[in-house]
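K.L.:
3D model of this:
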Amino acid sequence: MRARAPYASDPAASKGRQHLETLGETRGPRTAFQRDRDRIIHSIAFRRLRHKTQVFVAPDGDHFRVRLTHSLEVAQIGRTIARVLGLDEDLTEALCLAHDIGHPPFGHAGEDALKEALADAGGFDHNGHTLRVLTTLETPYPRWRGLNLSWETLEGLAKHNGPVTAPGWAMAAVDASYPLDLSSHASLEAQVAAVSDDIAYDNHDIDDGLRAGLIDFEDLLSVPLVKDGWARVCARYPDVETGRLRSELIRQQIGAMVNDVIEATRRNVAEAGVVSVGGVRAAGRTLAGFSPEMAGQEAGLKSFMYARLYHHPRQLEVAALARTVVAGLFAAYAADASALPDDWRDSLPLDSSSRARHIADFIAGMTDRYAIGCYRKLVGAIELPEGF
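P.N.:
As a prediction, the model looks like this:
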């Protein structure tokens with residue numbers, strides 16, 4: 001086993017959990033970060049990710065990715081990088097697995113609809129909602145609400161994209177009850193989780209876009225990063241038909257990005273003189289990430305993906321319909337709370353802001369197909385092209 005780096009998060013030195021747990025309430029010889037990972041995997045919110053949009057709404061094809069499979073792929077990449085860098089693999093994996101738990105149905109389209117519905121109640125963002133789910137909405141334990149995750153896991157989920165200077169109401173509420181030092185950078189494990197997310201969706205969305213026929217392969221080769229990778233793959237396998245090499249291209253790109261992150265992170269850590277976890281948080285900049293050269297190439301790939309996949313006319317059409325579903329559900333429940341399930345209706349707050357947030361909590365937990373079914377029942381018929 002690779003030795004732990006001096007700047008790796010140490011579960012034995014964890015800042016602990018918000019709620020004290022006695023020895024009889026813990027099970028098995030696991031570290032604090034292993035427990036966090038396991039609690040996330042066993043949560044209802046994590047299971048619901050199997051029916052939440054990654055790129056395509058409720059995909060019919062078995063081979064398309066959803067939030068759950070995306071999160072597993074991010075975790076695989078994150079663990080690989082963490083292991084080589086001597087970081088805590090369990091904390092990295094926990095952060096990768098949980099990073100999308102706050103996404104509502106239909107991904108960013110659903111988030112936009114909830115943000116607009118809560119415009120007078122503080123808005124909505126999936127990152128803050130992730131923390132809300134894990135600290136408040138999940139209730140598997142008898143003594144407290146939430147999963148009671150370690151400080152390091154909650155901090156990493158809050159700040160994996162960098163310091164938070166203007167937290168939304170959901171994140172601010174968590175920070176008020178259990179301060180997460182939002183103004184500093186997070187651990188290297190959290191930074192690795194963030195770049196692993198980029199690597200996963202950069203490459204796997206290409207795979208899904210090609211499979212769905214929304215990306216033309218010849219157009220894809222106009223991206224310098226892809227063109228260079230394709231040339232290397234073809235040179236390595238000159239006797240293999242090109243149709244069988246596309247998966248190899250994706251693997252090659254992931255490998256190139258992972259190797260770049262490892263070397264760039266080592267270089268950044270050495271240049272910053274970081275020798276402790278505290279030094280990582282005090283460095284004043286992100287240390288784990290792409291080199292400047294790879295960052296530029298990755299930005300070019302992202303631009304292509306937004307133009308050719310995420311903003312493809314068919315995708316925009318579905319996103320508009322998805323926003324209609326979420327907005328319609330919010331309006332229906334706001335107008336008639338009796339339509340909510342009994343437990344949600346019985347706990348409905350009286351003041352308007354809390355009431356709106358409560359309804360949004362319920363909708364945000366829905367899967368794509370459940371939201372579509374509820375809309376058809378409460379509002380009316382709607383036909384979404386459910387998959388490709």
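K.L.:
which residues of the stretch 251-388 of the chain score low on pLDDT?
P.N.:
Applying pLDDT under 70 to the stretch 251-388 of the chain flags residues 385-388.
K.L.:
all helices for it, in order.
P.N.:
277-281, 292-305, 313-335, 342-346, 352-364, 368-378 (DSSP state H, counting those that start in this stretch).
K.L.:
and the second one, what's buried?
P.N.:
Along helix 292-305, these residues count as buried under the neighbour rule (16 or more other C-beta atoms under 10 Å): 294, 297-298, 301-302, 304-305. (Glycine included, C-beta is placed from N, CA and C.)
K.L.:
stretch 350-363: which residues count as buried?
P.N.:
For stretch 350-363, by 16+ other C-beta under 10 Å, it's 355-363.
K.L.:
likewise for stretch 269-286?
P.N.:
Result for stretch 269-286 [16+ other C-beta under 10 Å]: buried residues 269, 272, 274, 277, 280-281, 283, 286.
K.L.:
most widely separated two among the residues you listed?
P.N.:
Farthest-apart pair in the buried residues of stretch 269-286 is 277 and 286; separation 15.1 Å (C-beta to C-beta).
K.L.:
distance check, residue 129 against residue 37.
P.N.:
Computed as C-beta to C-beta, to the nearest Å, the residue 129 to residue 37 distance reads 20 Å.
K.L.:
JSON lines please, covering the helices of the stretch 251-388 of the chain and showing distance to residue 252.
P.N.:
Converted to JSON lines, the helices of the stretch 251-388 of the chain look like this (distance: least, C-beta to C-beta, whole Å):
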{"stretch": "helix 277-281", "distance to residue 252": "30"}
{"stretch": "helix 292-305", "distance to residue 252": "13"}
{"stretch": "helix 313-335", "distance to residue 252": "26"}
{"stretch": "helix 342-346", "distance to residue 252": "48"}
{"stretch": "helix 352-364", "distance to residue 252": "37"}
{"stretch": "helix 368-378", "distance to residue 252": "32"}
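K.L.:
for residue 106, find the nearest of those.
P.N.:
helix 313-335 (3.6 Å).
K.L.:
from the chain's centroid, how far away is the closest one?
P.N.:
22 Å (C-alpha atoms, centre = their mean, to the nearest Å).
K.L.:
may I see the buried residues of that helix?
P.N.:
Result for helix 313-335 [16+ other C-beta under 10 Å]: buried residues 315, 318-319, 321-330, 332-333.
K.L.:
what does it rub up against?
P.N.:
Contact with helix 313-335 is made by 53, 55-57, 104-106, 108-110, 112-114, 116-117, 214, 309, 339-340, 355-356, 359-360, 362-363, 366, 371-372, 374-375, 378-379, 382, 384-385, as judged by C-beta atoms under 8 Å, 6 or more residues apart in numbering.
K.L.:
buried ones from those residues, can you make that a ChimeraX selection?
P.N.:
Buried residues within the contacts of helix 313-335, by 16+ other C-beta under 10 Å, are selected in ChimeraX with:
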select :53,55,56,57,104,105,106,108,109,110,112,113,114,117,214,309,340,355,356,359,360,362,363,366,371,372,374,375,384
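K.L.:
returning to what we had before: got the buried residues of stretch 269-286 as a markdown table, with distance to residue 77 columns?
P.N.:
Converted to a markdown table, the buried residues of stretch 269-286 look like this (distance: C-beta to C-beta, whole Å):
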| residue | distance to residue 77 |
| --- | --- |
| 269 | 19 |
| 272 | 23 |
| 274 | 22 |
| 277 | 22 |
| 280 | 20 |
| 281 | 23 |
| 283 | 23 |
| 286 | 17 |
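K.L.:
quick check, nearest of those residues to residue 198?
P.N.:
When the buried residues of stretch 269-286 are compared against residue 198 (criterion: C-beta to C-beta), the nearest one is residue 286, at 12.1 Å.
K.L.:
surely the closest one touches residue 191?
P.N.:
Yes: contact criterion C-beta atoms under 8 Å: residue 286 and residue 191 qualify, at 5.7 Å.
K.L.:
okay, and the common contacts of those two?
P.N.:
With C-beta under 8 Å, 6+ apart, residue 286 and residue 191 have common neighbours residue 185.
K.L.:
so which of the buried residues of stretch 350-363 would you say is closest to residue 31?
P.N.:
Among the buried residues of stretch 350-363, and counting by C-beta to C-beta, the member closest to residue 31 is residue 361, at 31.1 Å.
K.L.:
from memory that closest one sits against residue 138, does it?
P.N.:
No: using C-beta under 8 Å, residue 361 is not in contact with residue 138; the gap is 11.3 Å.
K.L.:
ok, now how distant is residue 297 from residue 65?
P.N.:
Distance from residue 297 to residue 65, by C-beta to C-beta: 23 Å.
K.L.:
look at the residue lying farthest from the centre of the chain and report its pLDDT.
P.N.:
Distance from the C-alpha centroid of the chain peaks at residue 239, with 38.9 Å (C-alpha atoms, centre = their mean). We have a pLDDT of 93 for residue 239.
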